[in-house]
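Colleague: The sequence and its predicted three-dimensional model are supplied below.
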Amino acid sequence: MANDTRPIGVFDSGIGGLTGFQKLRALLPEEDLIYFGDTGRVPYGTRGRDIITKYARQDANFLMHFGIKLLFIACNTACYAALDTLQNELPIPVCGVIEDASLRACKQTKNGRIAILATAATVSGHVYSDFLKSLRPDLQVLEQPCRLFVPVVEAGRFDKTDPIVQILTQEYLAPVRAFGADTIILGCTHYPLLAPAIAQAAPEAVLIDSGAEAAIHVASILAEKGLCNFSGHKGHVRYYVSDSIENFADSASIFLRRPLEGPVERIDIEKF
Ligand code: DGL
């Protein structure tokens, strides 16, 4: 079998994509991984589609300079806006986070009622509900924008006992409970950190982590396409950001609950 030592590129609008990145790292310890977090332009989830597509293209162009063998778009909002575009434009496999979580939700639901929690931009595109209904037209789907989750998590507030977290989860999960969803897709990079609080507010539902599901898919695509790294050593990890390195390292250690595994460099993403 061929040994493909080229790195995998991963991008997100900021630090949130580290949740999916961490899963990828755990599943593929021998692969070299390059993460770009667009920390200078986050959030994407409050912006319009054209701007998000422009940013996603620049993020992908930057990573293509490393000769990557696969691009993993860890950001739900970037996938909503630009997954199809980048899949058409790039000569390598491009994996997003929407389809695998949807497939899993379809298998998981017993009552056919699925809720999606996501940014306002992702909800506006109905990408999850369109894909779910293409799989199973009988499904009932509720898309719930959760505008304040990202800033709250970025401020390090995601403990389920935190009063702010409780107020927000009650507000956003009330319609989900009324709808009777038995399955909830966490359709944003930041929401896995809120999983205990979300589970507390909707105890009857099963939660599906879109980044984790997608990471499993990336591993299977590598194997299927003969792109695995078999060199037998632990892969290297590098991070790039478009704003302060220190802020990224601090926030990342909150997200990952451990320090970063490799060097961080700042770049000017507007050049790409
Ligand atoms: N990474 C984004 C997502 O998964 C959340 C943060 C943002 O709005 O940029 O949708």
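Modeller: Received the coordinates, thanks.
Colleague: shouldn't I8 be in contact with R25?
Modeller: No: using CB atoms under 8 Å, I8 is not in contact with R25; the gap is 10.0 Å. All C-beta atoms are positioned from the backbone trio N, CA, C, and that covers glycine.
Colleague: Name the residue in these two with the higher neighbour count.
Modeller: I8 (28 against 20; other CB atoms under 10 Å).
Colleague: State the phi and psi torsions of the more buried one.
Modeller: phi -100, psi 140 (degrees, to the nearest 10).
Colleague: which other helices and strands contact the host helix or strand of A82?
Modeller: Per DSSP states H and E, A82 falls inside helix 76-89. With contacts taken as 3 or more CB pairs under 8 Å, 6 or more residues apart in numbering; DSSP states H and E, helix 76-89 sits against helix 49-64, strand 70-73, strand 94-95, helix 98-108, helix 120-125.
Colleague: Try it again at 6 Å.
Modeller: Helices and strands touching helix 76-89, by 3 or more CB pairs under 6 Å, 6 or more residues apart in numbering; DSSP states H and E, are helix 49-64, helix 120-125.
Colleague: Ok, which of the ones you listed comes nearest the ligand?
Modeller: Smallest distance to the ligand across the helices and strands packed on helix 76-89 (CB to the nearest ligand atom): 5.5 Å, for helix 120-125.
Colleague: tell me the mean pLDDT for that closest one?
Modeller: Helix 120-125 comes out with an average pLDDT of 96.
Colleague: Over to stretch 149-162?
Modeller: Averaging pLDDT along stretch 149-162 yields 94.
Colleague: Repeat that for stretch 31-43.
Modeller: 97.
Colleague: which of the residues in that stretch are buried?
Modeller: Buried residues in stretch 31-43, counted by 16 or more other CB atoms under 10 Å: 31-39, 41-43.
Colleague: rewinding a little: identify the residues contacting the helix holding A82?
Modeller: Residues outside helix 76-89 that contact it (CB atoms under 6 Å, 6 or more residues apart in numbering) are 44-45, 49, 52-53, 56, 60, 73, 94, 96-98, 118-119, 121-122, 125, 127, 187-188.
Colleague: Could you measure from L148 over to the ligand?
Modeller: L148 is 11 Å from the ligand, where distance means CB to the nearest ligand atom, to the nearest Å.
Colleague: ok, and the closest non-adjacent residue to that residue?
Modeller: L168 (5.5 Å; CB to CB, 6 or more residues apart in numbering).
Colleague: same deal with C228?
Modeller: Spatial nearest neighbour of C228, chain neighbours left out: L222 (5.1 Å); criterion: CB to CB, 6+ apart.
Colleague: circling back: could you see whether the ligand lies near the helix holding A82?
Modeller: Yes: counting by CB under 6 Å from any ligand atom, the ligand has neighbours in helix 76-89: 76-77.
Colleague: CA-only coordinates of that helix in CSV, if you can.
Modeller: Backbone C-alpha positions of helix 76-89 (Å, rounded to 0.1, in the frame of the first residue of the first chain) are rendered in CSV as follows:
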residue,chain,number,x,y,z
ASN,A,76,-20.2,24.4,10.1
THR,A,77,-20.8,27.9,8.9
ALA,A,78,-18.0,27.7,6.3
CYS,A,79,-19.5,24.4,5.2
TYR,A,80,-22.9,25.9,4.7
ALA,A,81,-21.4,28.7,2.6
ALA,A,82,-18.5,27.1,0.7
LEU,A,83,-18.3,23.3,0.9
ASP,A,84,-19.8,22.7,-2.6
THR,A,85,-17.6,25.5,-4.0
LEU,A,86,-14.4,24.2,-2.6
GLN,A,87,-15.2,20.6,-3.5
ASN,A,88,-15.7,21.8,-7.1
GLU,A,89,-12.6,24.0,-7.2
